[in-house]
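J.: Would you be able to build a 3D model of this:
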Amino acid sequence: MEKKLKDGQKITIRKLRISDLDLFYNFLVNSPKARKFWRHPADYETASNYVNAQRYQIVATIKKKEVERILGFAAVTDQGGIGLAVTDEYQHRGIGTILMERLVEKAQKLKLEHLEFTVFKENTAVQFYSSLGCQICDETPDGHSYIMRLMVGKQNG
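T.: Residues are numbered from 1 along each chain as shown. I've put the predicted structure just below:
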């Protein structure tokens, strides 16, 4: 699926493939700001674990001079846990919003009531998620992160 960013650039949203291992590894190691808030090591083994995982995972890619690059990543589990990251230089251009919309669509197909995730308190993404309707519902036992939730299904009552 092709989408336009706020600045007019065209990106592609597609499923993460096993053949994306090198692209995904480069995405992990070349985003120092995003990596600061990534809860897993930015190494080849982690990249391999992600591309081989059996869950819904999508990437935002751009092609320049026939070279494809991953700009963003999003995943949702069957229980509604999510992960989302956008490379540093492409933040604030609409990629996160596009990826989150796709996660919501998938969650609704899975008939989930909500998506839930943790965000480090100092991460500016807290404001981004709040702007999309996500709410802080708790914090982690160590006090470093918020547990955020976005209602996506029908509410009981």
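J.: average pLDDT across stretch 103-118?
T.: Per-residue pLDDT over stretch 103-118 has a mean of 95.
J.: buried residues in it?
T.: Applying a neighbour-count criterion of 16 or more other C-beta atoms under 10 Å, one finds Leu103, Val104, Lys106, Ala107, Leu112, His114, Leu115, Glu116, Phe117, Thr118 buried in stretch 103-118. Bear in mind the C-beta positions are built from the backbone N, C-alpha and C, glycine included.
J.: Inside helices: which ones of those residues?
T.: Per DSSP state H, helices hold the following members of those: Leu103, Val104, Lys106, Ala107.
J.: Report the contact partners of the first one.
T.: Shown here is Leu103, whose contacts under the criterion C-beta atoms under 8 Å, 6 or more residues apart in numbering are Tyr56, Ile58, Ala74, Ala75, Val76, Ile82, Leu84, Leu115.
J.: where exactly do the helices run in the chain?
T.: Under DSSP H, the chain gives helices at 21-29, 32-36, 44-51, 95-109, 125-131.
J.: if we can go back for a sec, which pair of the ones in helices among the buried residues of stretch 103-118 spans the longest distance?
T.: Spanning the widest gap among these are Val104 and Lys106, at 7.4 Å by C-beta to C-beta.
J.: so the closest residue to Phe27 other than its chain neighbours bridges to which residues?
T.: Nearest residue to Phe27, sequence neighbours excluded (C-beta to C-beta, 6 or more residues apart in numbering): Ile70, at 4.1 Å. Beta-bridge partners of Ile70, counted by DSSP bridges, are Thr61.
J.: try Glu2
T.: The partner residues for Glu2, given DSSP bridges, come to Thr12.
J.: Can you check the pLDDT for it?
T.: Looking at Glu2, its pLDDT reads 94.
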